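> kindly generate the corresponding structure for this input.
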Amino acid sequence: MKPIYLDNAATTPMHTAVVATMFEAMKEDFGNPSSVHQFGRKAHGKLEVARSQIAKSIGAKETEIFFTSGGTEGDNYAIMQTAFLRKEFGKHLITTAVEHHAVLHTMEFLETQGFEVTYLSVDDTGQIDLDELKAALRPDTILVSIMFANNEIGTIYPINEIGAILSEHQAYFHTDAVQAYGCLDIDVKELNVNFLSVSAHKISGPKGVGFLYMKEATPLPPLMHGGDQETKKRAGTENLPGIIGFSQAVRLLSSDQKEKNALHYEELRTQLLNALAAENIEFEVNGDASQRLPHILNLWIKGIPNDLLLVHLDLMGISISTGSACTAGNVEPSHVLSAMYGTKNPLIKESIRISFGKQTTSDEITYLASCLNKIVHKIKK
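Predicted coordinates for the structure are as follows:
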């Protein structure tokens, strides 16, 4: 069997239509969008068509979409610039203990700059307590940053409810929607968010491109200085082929397609769990049982070190992970599972993340279950 890719939460294979669209853009739309001649005007027109397409996908205005290099830049832009812009109103920030490192490490840096950060705890499903958020809010809180859905366990957070809580507070609200975008329907008109960051490579688009939604009433100063691109918010010539590819990936994601994908993922998930149970493999599912993304399955395979399991599966042609791709090669245990269960719980070093994609087949899941059965019983023997 050909190699099996089950790490779609880290990145997704580019859709063939996206590849074709980008190739055509590189051939035909090579002009600089900032140039005033016909090649530049043509490129600029394609840029704005892509911006319009992406804005519609979250119910935003075109003027509220700013292209970035991906989720990390979007997170940094929203958090850093809000902190420094609004420090006269306070220096207190709130986030959660299970955010992506693009948020956590930015918050840690701001702590070295004199800001105070409250890290909300999570329960054993990875879910936050809204009462804890309410209690953490202070008159000097200037920003709350809480992810839309967790990239390691798939737990979805109550963004609507958080937005409602913050509607009566001065704090700006940022959400990292990198993992949720493309799986969930998002309409910023229904959310009280000031900023929302997204990356293209999670939805079968190219790496190195994303966007930051910036609510019209809450503009930030630029993070990068230079030219006048992106209405002076992000200097530098736009990655037009990447942006056009991103737009094409968005175009392929209708609400019907999202629903179809979700049903496919649920079928694969059920198939795998039933197969493991039939083989008497001891396991538990990590994360919220109901409020979760359908394509992420975080499993505790009891008694089996996850690093050993990954090596065995890789040798058998199957690619999965233990968590965020941004910690690849890092031997530190998952900060998400540590926050959920405590640092001494054995499941932290015995849990794996399997993330399905549109291309994942039932036959691949059958093979995965068979391989897990062989590996687990071999290691235990």
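> show the contacting residues for the residue nearest to residue 179 when sequence neighbours are not counted.
Counting by C-beta to C-beta, 6 or more residues apart in numbering, residue 151 is the residue found nearest to residue 179 once chain neighbours are left out, at 4.4 Å. Every residue, glycine included, has its C-beta placed from N, CA and C. Residues counted as contacts of residue 151 (C-beta atoms under 8 Å, 6 or more residues apart in numbering) are 9, 100, 178, 179, 296, 323, 324.
> could you rerun that using 10 Å?
Contact criterion C-beta atoms under 10 Å, 6 or more residues apart in numbering gives 9-10, 71, 98-101, 176, 178-180, 202, 293, 296, 323-326, 336, 353, 355 as the residues in contact with residue 151.
> now residue 57
Applying C-beta under 10 Å, 6+ apart, we find residue 57 in contact with 65, 181-182, 185-187, 198, 203, 211, 247, 250-251, 253-254.
> and which of the residues you listed is nearest residue 107?
Among the contacts of residue 57, residue 198 lies closest to residue 107 (C-beta to C-beta), at 19.8 Å.
> neighbours around that closest one, how many?
Neighbourhood size, residue 198 [other C-beta atoms under 10 Å]: 31.
> who does it bridge with?
Beta-bridge pairing of residue 198 under DSSP bridges involves residue 211.
> go ahead and confirm it touches residue 188.
No. Between residue 198 and residue 188 there is no contact under C-beta atoms under 10 Å: 11.3 Å.
> okay, and the common contacts of these two?
Between them, residue 198 and residue 188 share these contacting residues under C-beta under 10 Å, 6+ apart: 58, 177, 213.
> doesn't the last one fall inside a helix?
No. Assessed by DSSP: H, G, I helix; E, B strand; the rest coil, residue 213 does not belong to a helix; its assignment is strand.
> excluding its backbone neighbours, what's nearest it?
Leaving out its chain neighbours, the residue that sits closest to residue 213 by C-beta to C-beta, 6+ apart is residue 196, at 4.1 Å.
> give me the three-state assignment for that neighbour.
Going by three-state DSSP: residue 196 is strand.
> are any of the contacts of residue 151 buried, and which?
Among the contacts of residue 151, those classed as buried by 16 or more other C-beta atoms under 10 Å are 9-10, 71, 98-101, 176, 178-180, 202, 293, 296, 323-324, 336, 353, 355.
> break this structure into its domains for me.
Recorded structural domains for the chain (assignment: automatic domain parsing) are 4-13+254-380, 16-251.
> first-to-last residue distance for the shortest one?
Same thing as domain 4-13+254-380. Across domain 4-13+254-380, the straight-line distance between its terminal residues is 25 Å, by C-alpha to C-alpha, to the nearest Å.
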